[in-house]
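A.B. asks: Below are the sequence and a predicted model for it; my questions follow.
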There are 2 protein chains.
Amino acid sequence: MNKPHIVILGAGYGGLMTTIKLQKSLGTNEAKITLVNKNDYHYQTTWLHENAAGTLHHDRTRIPLRDIIKMNRVNFVQDTVVSIKPEEKLVKLETTTLNYDVLVVGLGFEPATFGIPGLEEHAFTIDNIDSARMLRQHLAYNFSLYHNEKEKKSARLNIVIGGGGFTGVEFVGELANRIPELCEEYDIEKSLVRIINIEGSPTVLPGFEPQLVEYAMNSLESRGIEFITGAMLKECKPKSIVYEKDNKLEEIPTMTTVWTAGVRANEIVEHSGLETNRGKVEVRDDMRAPDYDDVFVIGDCALIIDSNTGRSYPPTAQTAVRQSSIVARNVKAFIRDEKLEAFKPKKLGTVASLGNNDAIGVVFNNQKIFGWKATVMKKIIDNRYLFKLGGFGLLLKKGKFNIFY
Amino acid sequence: MNKPHIVILGAGYGGLMTTIKLQKSLGTNEAKITLVNKNDYHYQTTWLHENAAGTLHHDRTRIPLRDIIKMNRVNFVQDTVVSIKPEEKLVKLETTTLNYDVLVVGLGFEPATFGIPGLEEHAFTIDNIDSARMLRQHLAYNFSLYHNEKEKKSARLNIVIGGGGFTGVEFVGELANRIPELCEEYDIEKSLVRIINIEGSPTVLPGFEPQLVEYAMNSLESRGIEFITGAMLKECKPKSIVYEKDNKLEEIPTMTTVWTAGVRANEIVEHSGLETNRGKVEVRDDMRAPDYDDVFVIGDCALIIDSNTGRSYPPTAQTAVRQSSIVARNVKAFIRDEKLEAFKPKKLGTVASLGNNDAIGVVFNNQKIFGWKATVMKKIIDNRYLFKLGGFGLLLKKGKFNIFY
């Protein structure tokens, strides 16, 4: 009899942690494990804003898969998923096709621009290593051009961030650190640079408590960030951005618009033939797709509704990692014909960094923290993940140990 | 009676060395010295190709004037020269006007594109700190964009250098060092990158002996540089360059054309009312303009014809520095009403670097050198200049001491 074939799509937080847990817990003769990923590395999505600002090199953020995966145990296929055919139990890749007995879909998110004109063509996003380092270079390039033009263009020095959510706020925090360096590098007056965050809600960081939001905005404003709240982006042009506030249209000259206000699940999921809700698979409590017993969905592609509020749990890295324990266990149970367990979503603590060794967060039983304590907590969270992923060796290599400054 | 006012335009090799010599040799009550320069720093034009390639930071190449000039002795005016009116003994700057009793014009060179269509709009040049660091960023930016586009564009990875003279050859030598780093940084196959040098003459480095030229071309070709000689650039478009060779037009897709094949004296000289020849002032042997006894011209703005060959001496940094001794002495003689001396041009040794610790050159009595010996000689020349400029302190700060690797 053939060994069952477990195919895992995506080496993000969910897919990779599932792979690691399966390679540890399954016997060599029990199953064949295949991991499919576009790149030969994993990256920490939650650190990309630092790569994009230029405060952390992207090689700190990415980890070669060969450093984490046992390549003799796991069959690694570097390829891009084209489509999933659950009724045929196969996955089409760009160069080949894989048959599976059990599938784990962890294909992550992609930016969503909600049809706002020009965003897709002209705005930058922070969604992978390529886009993050391109944005870093774009910023520096515009600064380097500034003094080479007879007519100085403020559009080169205005940076507009659409979205005051987690990524938008963490990114402007890093920019507040980075911009003075760029100004020094290219002989540009700091006062000429504007960093403008535009958010639709009345405050940034919707979902955080008002006290923490106020702390965050004060901290960032004192370092030169401008917030325009209650405002909607209307159009992104090559050299400006248009937004609406109080029923009035305003335009800001800028060649750098960064769109952080929308993500959706990888589009492949919607076209997979799996039943979807808002582009995601609303999973059963054992993390399987509703209509296929052999398909698990994890991370940003999975939708879980909070039955108390009727709203979905936010897809975060921590949630994906927590889900991977249940998914790995249930995949094992499935091929062993054992009983599957339920994933219990819970509200996790969370910390948003503000750059400059400042942060805000909620930890444990809704306890609010801010300032350097929050930054320490943030680094502990980051380091814990690295330890889970690759043990002590990886932690030493990629960890953030500048705890006290 | 008023002290005579010596005004020196430009803090390049010639103007700055003249200023330093005058501040040392003239008594405080003997004359007022004013130095006018666009920037508050001097830079080593001969190092700019390294800044442009990204192998040396531009802050190594530039030196704050306050570190060299005695600001209590020399009146430094940071401004841009608009025009010279020798008949009125005045210089118009952007924000003010200066009257002089003695003028030293050391306004350097600017790129000349000889009317080749598109060069001025689309090609990069290596002529000052701003343009050099912009080119460095432009290269990196294109590499960072490469993987973000669905249709990969070879034009982002093709680098065309127009001109196989000193700057063109030294620049491709540095690129051969830098490109592998950029490839690593942006996950790009080295074999996808092309560095193409296009030169009108049958070989690069016209003027050097064939043996040295062959050595240089072999060295660079072995490191991946392509040479197209006997070819003329015909047009520079935003995404390609057109050249003619053997009466055929060829086109190379590129977003990076670097024009190193033409320089001219600063245009202000031609419009100054001073008599010019090919845009330069053909100076008397005491370095004065033919028609004004109180105007000295130095460096790239001065033309000196070799009476043996009928050709002009090439304007180099070394020549400008040599001229500054005579100019300073003659300025002093002029205000003291003493006899002026003649500048004796001579053919100086010269070394061209090829990157990767390789170089070729001619030193002393036409002795040919190449390889590491030439690179040592190059660094000695560079370091000697720094010592002349700012003594031991400046040498320690900015010198090139990696002599043996």
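C.D. replies: Looks like it came in fine. Numbers count the residues shown, from 1 in each chain, chains lettered A, B, ... in the order given.
A.B. asks: Next, the buried residues of the least confident helix or strand in chain A by mean pLDDT.
C.D. replies: Least confident helix or strand, chain A: helix A:372-398 with a mean of 89, by mean pLDDT, DSSP states H and E. Residues A:374-379, A:381-383, A:385-386, A:389-390, A:394-395, A:398 are the ones in helix A:372-398 that count as buried (16 or more other Cβ atoms under 10 Å in any protein chain shown). All C-beta spots, glycine's among them, are computed from the backbone N, C-alpha and C.
A.B. asks: Give me the distance from that helix to the chain's centre.
C.D. replies: 17 Å (Cα atoms, centre = their mean, to the nearest Å).
A.B. asks: Next: stretch A:290-307.
C.D. replies: 18 Å.
A.B. asks: start to end distance for it?
C.D. replies: Taking Cα to Cα, to the nearest Å, stretch A:290-307 runs 17 Å from one end to the other.
A.B. asks: Can you show me the helices along chain A?
C.D. replies: A:13-25, A:48-53, A:58-61, A:119-122, A:129-146, A:166-185, A:210-221, A:267-270, A:317-335, A:372-398 (DSSP state H).
A.B. asks: Redo those helices as a markdown table? Include distance to chain B.
C.D. replies: Putting the helices of chain A into a markdown table (distance: least, Cβ to the nearest Cβ, whole Å) gives the following:
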| stretch | distance to chain B |
| --- | --- |
| helix A:13-25 | 19 |
| helix A:48-53 | 11 |
| helix A:58-61 | 9 |
| helix A:119-122 | 12 |
| helix A:129-146 | 4 |
| helix A:166-185 | 8 |
| helix A:210-221 | 27 |
| helix A:267-270 | 14 |
| helix A:317-335 | 23 |
| helix A:372-398 | 18 |
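A.B. asks: Measure how buried the residue of the stretch 151-300 of chain A found nearest chain B is and give me the count.
C.D. replies: Closest to chain B within the stretch 151-300 of chain A is A:Y186: 7.0 Å, counting by Cβ to the nearest Cβ. If you count neighbours by other Cβ atoms under 10 Å in any protein chain shown, A:Y186 ends up with 22.
A.B. asks: What residues does it make contact with?
C.D. replies: By Cβ atoms under 8 Å, 6 or more residues apart in numbering or on different chains, A:Y186 lies in contact with A:143-144, A:146-147, B:133.
A.B. asks: just for chain A, where's the confidence low?
C.D. replies: The model of chain A has pLDDT under 70 over residues A:1, A:403-405.
A.B. asks: Look up phi and psi at the residue nearest to A:L119 when sequence neighbours are not counted.
C.D. replies: Excluding the flanking residues, the one nearest A:L119 by Cβ to Cβ, 6 or more residues apart in numbering or on different chains is A:T113, at 4.0 Å. Dihedral angles of A:T113 (phi, psi; degrees, to the nearest 10) stand at phi -110, psi 0.
A.B. asks: does A:P345 really touch A:I304, like I thought?
C.D. replies: Yes. Counting by Cβ atoms under 8 Å, A:P345 touches A:I304, with 5.3 Å between them.
A.B. asks: Now the common contact residues for the two.
C.D. replies: Listed as contacting both A:P345 and A:I304 by Cβ under 8 Å, 6+ apart are A:Y313.
A.B. asks: how close does the residue of the stretch 151-300 of chain A closest to chain B sit to B:A132?
C.D. replies: The gap separating A:Y186 from B:A132 is 12 Å, by Cβ to Cβ, to the nearest Å.
A.B. asks: Repeat that for A:C301.
C.D. replies: Distance from A:C301 to B:A132, by Cβ to Cβ: 47 Å.
A.B. asks: Who has more neighbours out of the two?
C.D. replies: When A:C301 and B:A132 are compared for neighbours, A:C301 comes out ahead with 32 against 28, by other Cβ under 10 Å.
A.B. asks: contacting residues around that one?
C.D. replies: So A:C301 contacts A:105-108, A:265-266, A:269, A:280-281 (Cβ under 8 Å, 6+ apart).
A.B. asks: cool, and A:A328?
C.D. replies: The neighbours of A:A328, taking Cβ under 8 Å, 6+ apart as the test, are A:17-18, A:21-22, A:25.
A.B. asks: Ranking by neighbours, what's the top pick from these?
C.D. replies: Most surrounded of the contacts of A:A328: other Cβ under 10 Å gives A:T18, at 33 neighbours.
A.B. asks: thinking again about what came up before, tell me which strands and helices the least confident helix or strand of chain A is in contact with?
C.D. replies: helix A:13-25, strand A:62-64, helix A:317-335, strand A:350-353, strand A:359-363 (3 or more Cβ pairs under 8 Å, 6 or more residues apart in numbering or on different chains; DSSP states H and E).
A.B. asks: 7 Å instead?
C.D. replies: Where contact means 3 or more Cβ pairs under 7 Å, 6 or more residues apart in numbering or on different chains; DSSP states H and E, helix A:372-398 is packed against strand A:62-64, strand A:350-353, strand A:359-363.
A.B. asks: ok so, going back, nearest to A:R288, of the contacts of A:A328?
C.D. replies: A:T18 (13.2 Å; Cβ to Cβ).
A.B. asks: The most centrally placed residue in chain A - nearest residue in space that isn't next to it in sequence?
C.D. replies: Residue closest to the mean C-alpha point of chain A, counted by Cα atoms, centre = their mean, is A:T45 at 3.9 Å. Leaving aside its chain neighbours, A:T45 sits nearest to A:A317 (6.4 Å; criterion: Cβ to Cβ, 6+ apart).
A.B. asks: now A:F227
C.D. replies: Nearest one to A:F227, counting by Cβ to Cβ, 6+ apart, is A:N197 at 5.1 Å.
A.B. asks: What's the separation between that neighbour and A:S219?
C.D. replies: Distance from A:N197 to A:S219, by Cβ to Cβ: 13 Å.
A.B. asks: neighbour count winner among those two?
C.D. replies: Taking other Cβ under 10 Å, A:N197 and A:S219 do not tie; A:N197 has more neighbours (27 against 20).
A.B. asks: Go ahead and confirm the more buried one touches A:E170.
C.D. replies: No. Applying Cβ atoms under 7 Å as the test, A:N197 and A:E170 come out as separate, 11.1 Å apart.
A.B. asks: hmm, back to that, I'd say the residue nearest to A:L119 and A:T260 touch.
C.D. replies: No. Look at A:T113 against A:T260 with Cβ under 7 Å: they stay out of range, at 11.3 Å.
A.B. asks: Between the two, point out the one with more neighbours.
C.D. replies: A:T260 (27 against 19).
A.B. asks: Dihedrals phi and psi, A:E87?
C.D. replies: Recorded main-chain torsions at A:E87 are phi -70, psi -20, according to degrees, to the nearest 10.
A.B. asks: and it, how many residues sit next to it?
C.D. replies: 8.
A.B. asks: Tell me who's in contact with it.
C.D. replies: Under the criterion of Cβ atoms under 7 Å, 6 or more residues apart in numbering or on different chains, the neighbours of A:E87 are A:G273.
A.B. asks: From chain B, how far off is it?
C.D. replies: Using Cβ to the nearest Cβ, to the nearest Å, one obtains 29 Å as the distance from A:E87 to chain B.
A.B. asks: is A:L35 in a bridge, and if so with what?
C.D. replies: Beta-bridge partners for A:L35, by DSSP bridges, are A:I8, A:F76.
A.B. asks: and if you look at A:L233?
C.D. replies: Counting by DSSP bridges, A:L233 is bridged to A:Y243.
A.B. asks: Count the neighbours of it for me.
C.D. replies: Neighbourhood size, A:L233 [other Cβ under 10 Å]: 25.
A.B. asks: and what of A:P202?
C.D. replies: The number of residues packed near A:P202 is 9, by other Cβ under 10 Å.
A.B. asks: close enough to count as contact, A:G15 and A:L103?
C.D. replies: No. Using Cβ under 7 Å, A:G15 makes no contact with A:L103, being 10.9 Å away.
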